[in-house]
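S.K.: Output the structure for:
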Amino acid sequence: MSNLERDPVEVVATDVLTAARVEILEPRDVPLGGPRAMTVRRTLPQRRRSLIGAWCFIDHYGPDDVSSTGGMRVPPHPHTGLQTVSWLFEGEIDHRDSVGSHALVRPGELNLMTAGRGISHSEVSTPGTLRLHGVQLWVALPAASRNIAPFFEHHAPVPGRIGSATVRTFVGALAGSGTTATVFSPLVGAELLVPGGATIDVPLDPSFEHGILIDTGDVTVDDVAVPVSHLAYLPPGRTSVPVRADSDARVVLLGGEPLREQIVMWWNFIGRSHDDVVAFRADWQSEVIAGGDPNGRFGSVDGYDGPPLPAPELPTVRLRPRG
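M.R.: Below is the predicted model of the structure:
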């Protein structure tokens with residue numbers, strides 16, 4: 001998914017570890033362009049915290065009535081230095097990209113796109129989709145891997161169990177569920193369906209920091225109530241955490257070893273400096289928007305009916321660290 005904000009915030013991310021038992025991160029609403037736009041709830045990045053492991057972007061959307069919003073229609077747009085992780089609870093999305101991939105994003109199936117040195121793609125909800133509901137996640141590639149050639153993967157994880165909860169692990173492995181999805185730093189990502197009245201003890205890698213996003217249900221994490229669409233952050237050092245659902249709940253667990261690298265994230269680009277981002281934007285505008293080189297860094301997306309998405313204007317000052 002593109003970040004369709006017309007004035008995107010520049011983010012320079014560093015690891016900020018905390019001794020808090022559970023830190024609650026509130027979402028902010030972000031409309032994805034236009035008067036009938038889908039609105040997503042974004043919990044990462046934010047000023048309080050920019051990274052959980054290498055996870056650097058969390059958009060949570062739906063259940064969205066496509067008849068009133070028009071659904072998802074994201075024109076071809078670029079990415080660099082990251083992986084997009086698409087995970088749906090309801091609906092269906094048509095994905096096309098500049099390495100020739102054409103795939104459907106369906107509930108319970110992972111679409112993983114690695115941008116590396118540069119890729120472009122489009123995302124459109126299918127005509128038969130009545131409701132859209134899911135998460136769009138980004139993973140920052142470590143410096144050693146950020147300029148690799150782009151590629152695309154599709155995986156269908158086998159469910160596992162934690163007590164009475166069903167687990168579908170789309171990145172890494174947890175409780176007998178997992179995929180062979182290609183990642184470049186130690187990570188885990190999983191959907192957990194917890195029945196009402198149940199408490200489960202979720203195993204954690206103590207070298208990871210973790211976030212637990214609440215999609216539905218009345219949920220407490222380590223006896224701390226976490227509202228729907230909020231993210232509970234857990235610092236490294238934990239080997240497990242109790243999660244209780246007072247009503248049927250769906251939560252998304254994300255975790256990874258702290259990245260311990262500084263990144264600059266602006267619009268759909270991740271680099272390591274202001275100059276990186278300026279170069280990425282210039283390449284997109286000249287190669288694709290102006291039609292200068294369809295075989296350049298970002299290539300072209302076949303099969304999308306419409307023009308690509310121009311990049312917003314850069315800030316008038318250099319992109320630099322906050323605070």
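S.K.: what stretches of this structure score poorly on pLDDT?
M.R.: For the chain, the stretches flagged by pLDDT under 70 are 1-7, 9-20, 33-37, 320-323.
S.K.: residue nearest the centroid of it?
M.R.: The chain has residue 137 as the residue nearest its centroid, 0.7 Å off, counting by CA atoms, centre = their mean.
S.K.: following the helix or strand containing that one, which helix or strand shows up next?
M.R.: Secondary-structure assignment from DSSP states H and E places residue 137 in strand 131-140. Next helix or strand after strand 131-140 toward the C-terminus (DSSP H and E): strand 151-155.
S.K.: quick revisit: how far off centre is the strand holding residue 137?
M.R.: Relative to its parent chain, strand 131-140 has a centroid offset of 5 Å by CA atoms, centre = their mean, to the nearest Å.
S.K.: list the contacts for the residue nearest to the centre of the chain?
M.R.: 55, 57, 58, 59, 84, 85, 86, 87, 189, 254 (CB atoms under 8 Å, 6 or more residues apart in numbering). Just so you know, the C-beta spots here come from the backbone N, C-alpha and C atoms, and that holds for glycine as well.
S.K.: what's the distance between it and residue 252?
M.R.: Residue 137 is 9 Å from residue 252, where distance means CB to CB, to the nearest Å.
S.K.: where does residue 311 land in three-state SS?
M.R.: Under DSSP: H, G, I helix; E, B strand; the rest coil, the three-state class of residue 311 is coil.
S.K.: who's in contact with it?
M.R.: With the criterion set at CB under 8 Å, 6+ apart, residue 311 makes contact with 78, 267, 281, 284, 285, 289.
S.K.: mind listing which of those residues are in strands?
M.R.: Among the contacts of residue 311, the members falling in strands (DSSP state E) are residue 78.
S.K.: Next, give me the two most distant ones among the contacts of residue 311.
M.R.: 267 and 289 (13.2 Å; CB to CB).
S.K.: neighbour count winner among these two?
M.R.: residue 267 (25 against 14; other CB atoms under 10 Å).
S.K.: so what's that one closest to, chain neighbours aside?
M.R.: Nearest residue to residue 267 in three dimensions, chain neighbours excluded: residue 8, at 4.6 Å (CB to CB, 6 or more residues apart in numbering).
S.K.: Residue 77 is in contact with residue 309, correct?
M.R.: Yes. Look at residue 309 against residue 77 with CB atoms under 8 Å: they come within range, at 4.3 Å.
S.K.: The two: which has the busier surroundings?
M.R.: With neighbours defined as other CB under 10 Å, residue 309 and residue 77 compare such that residue 77 has more, 24 against 21.
S.K.: For that one, list each beta-bridge partner.
M.R.: Per DSSP bridges, the residues bridged to residue 77 are residue 121.
S.K.: Over to residue 104?
M.R.: Counting by DSSP bridges, the residues bridging with residue 104 are residue 94.
S.K.: hang on, isn't residue 177 packed against residue 162?
M.R.: No. Counting by CB under 8 Å, residue 162 is not a contact partner of residue 177; they are 9.3 Å apart.
S.K.: Neighbours of residue 21, how many?
M.R.: Around residue 21 there are 14 other residues, counting by other CB under 10 Å.
S.K.: so what's it up against?
M.R.: Residue 21 touches 222, 224, 234, counting by CB under 8 Å, 6+ apart.
S.K.: what's the closest of those residues to residue 43?
M.R.: Using CB to CB, these come closest to residue 43 at residue 234, 14.1 Å.
S.K.: Tell me where the stretch 1-150 of the chain has helices.
M.R.: 66-69 (DSSP state H, counting those that start in this stretch).
S.K.: Show me the strands in it, by range?
M.R.: Taking DSSP state E, counting those that start in this stretch to define them, one finds strands in the stretch 1-150 of the chain at 11-13, 23-25, 28-31, 39-44, 55-65, 73-79, 82-90, 93-97, 102-105, 110-114, 119-125, 131-140.
S.K.: Just tell me which of these ends up closest to residue 294.
M.R.: Using CB to CB, the strands of the stretch 1-150 of the chain put strand 119-125 closest to residue 294, at 10.2 Å.
S.K.: any idea how far residue 175 is from residue 135?
M.R.: From residue 175 to residue 135 the distance is 19 Å (CB to CB).
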